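A.B. asks: the following block contains a protein sequence and its predicted model.
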Amino acid sequence: MELRHLRYFVMVAEEQHFTRAAARLNMQQPPLSQQVRALEQELGFDLFVRHPKGVVLTAGGKVFLGEAKDILRRVELGSLKAARAAQGIEGTLSVGFTSSAASHPLIPQIIRNYRERYAGVDISLHEGNASELTENVMAERTDIGILRAPVAHPKAAQYQHLLNEELLLVLPSGHPLLKGQSSAIEMSVSLADLVDERFILVRRPGAPGMYANLVQACRNSGFEPTIAFEVERMLTNVSLVAAGAGISVVPASMQGFHEGSVVYCRIRDAKPRLTAPVTLLCRSFNQSPPITHFIELAQQLSSQYRKRSMSRSR
């Protein structure tokens, strides 16, 4: 049984006449009659009672008409949904992010714009560390990962660099290094002045690039940093700084957490320059249309963000 046979049958039932139905179908009447007869033979019962002025449905034909229309409606709806999925207008998308990456204003902007542009896509969001996100993306449990610096480089991983931002020093309020600083906006501390401080950092597997760059910058300033604590997430190290357990560094977009208990200030004389990237992770295989649309939007908005930032800094 073919879908065209169902369409032929429905058309004849609506017109109650083979010739009129054939005209609407842009075909000759004899082939139409033959196709309907073939359908009746396949079903094993007559669909129509034929008479000189046209046809009327049999009892079986009346029941089959409802079923045929339902099948055709479902096929049409299925085709439409499949087409929308192929275009990325409908479907699902799973996005994972680290807490520090999500704190940057660009990331909520990307997600909000994606929701508005592709309202038919069911997007799920969840948090994890960079290692977990990498593993989940490669295992196809997550579609997109948004993190700081890559922690691993699987062969099938694709990384899209979105932007860099400055790393700021986080000190507890009232710290001696802040004495004499005239304005919170102008506050800065030389890296060499941190020789006796206890650092609280995101553990090395979670932020290998930023961790290594800070350690190297300290060594270039003539000292080996004292690592008091290693934590899982950057929000934790800010909390520990607020508790007076040490000092830390975080991306500039995180300033504002524990405001009043900590002070954020710029770092002078750091070599290499201390920055924090924002990176989008996806896999090179099985990229559905919702995934490619998200990547394209992220690239577009991050480019606009960088241009605005450059304009403001001039």
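C.D. replies: Right, received. Where do you want to start? Bear in mind the structure is a predicted one, so any value in this text is a computation, not a measurement. Numbering: from 1, shown residues only.
A.B. asks: can you give me the helices in the stretch 151-300 of the chain?
C.D. replies: Under the criterion DSSP state H, counting those that start in this stretch, the stretch 151-300 of the chain carries helices at the ranges 208-220, 234-242, 289-313.
A.B. asks: can you say which of those is packed in most?
C.D. replies: The highest average neighbour count among these, using mean count of other CB atoms under 10 Å, belongs to helix 234-242 at a mean of 21. All C-beta spots, glycine's among them, are computed from the backbone N, C-alpha and C.
A.B. asks: would you format the helices of the stretch 151-300 of the chain as a markdown table with mean pLDDT included?
C.D. replies: A markdown table is the format used below for the helices of the stretch 151-300 of the chain (pLDDT from 0 to 100):
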| stretch | mean pLDDT |
| --- | --- |
| helix 208-220 | 86 |
| helix 234-242 | 90 |
| helix 289-313 | 89 |
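A.B. asks: possible to save those helices as TSV with distance to L93?
C.D. replies: Below are the helices of the stretch 151-300 of the chain laid out as TSV (distance: least, CB to CB, whole Å):
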stretch	distance to L93
helix 208-220	27
helix 234-242	25
helix 289-313	4
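A.B. asks: of all those helices, which lies closest to Q16?
C.D. replies: For Q16, the closest of those is helix 289-313, at 44.1 Å, according to CB to CB.
A.B. asks: quick one: list the elements packing against that closest one.
C.D. replies: strand 91-97, helix 106-117, strand 144-147, strand 157-172, strand 275-283 (3 or more CB pairs under 8 Å, 6 or more residues apart in numbering; DSSP states H and E).
A.B. asks: what's the most buried one of these?
C.D. replies: Comparing these by mean neighbour count (mean count of other CB under 10 Å), strand 144-147 ranks first with a mean of 27.
A.B. asks: how about residues contacting that one?
C.D. replies: Strand 144-147 is touched from outside by 93-98, 101-102, 107, 130, 133-134, 136-137, 278-282, 291, 294-295, with contacts defined as CB atoms under 8 Å, 6 or more residues apart in numbering.
A.B. asks: before we move on, what about stretch 209-218?
C.D. replies: 148-150, 167, 191, 194, 199, 201-204, 224-225, 249, 270-272, 274-277.
A.B. asks: ok, of those residues, which come out buried?
C.D. replies: Among the contacts of stretch 209-218, those classed as buried by 16 or more other CB atoms under 10 Å are 148-150, 167, 191, 194, 199, 201-202, 225, 249, 270, 274-277.
A.B. asks: farthest-apart pair in these, please.
C.D. replies: P150 and L194 (27.0 Å).
A.B. asks: if I look at the residue lying closest to G61 once chain neighbours are set aside, how far off is Y8?
C.D. replies: Using CB to CB, 6 or more residues apart in numbering and skipping residues adjacent in sequence, the residue nearest G61 is L47, 3.9 Å away. Counting by CB to CB, to the nearest Å, the separation of L47 from Y8 is 10 Å.
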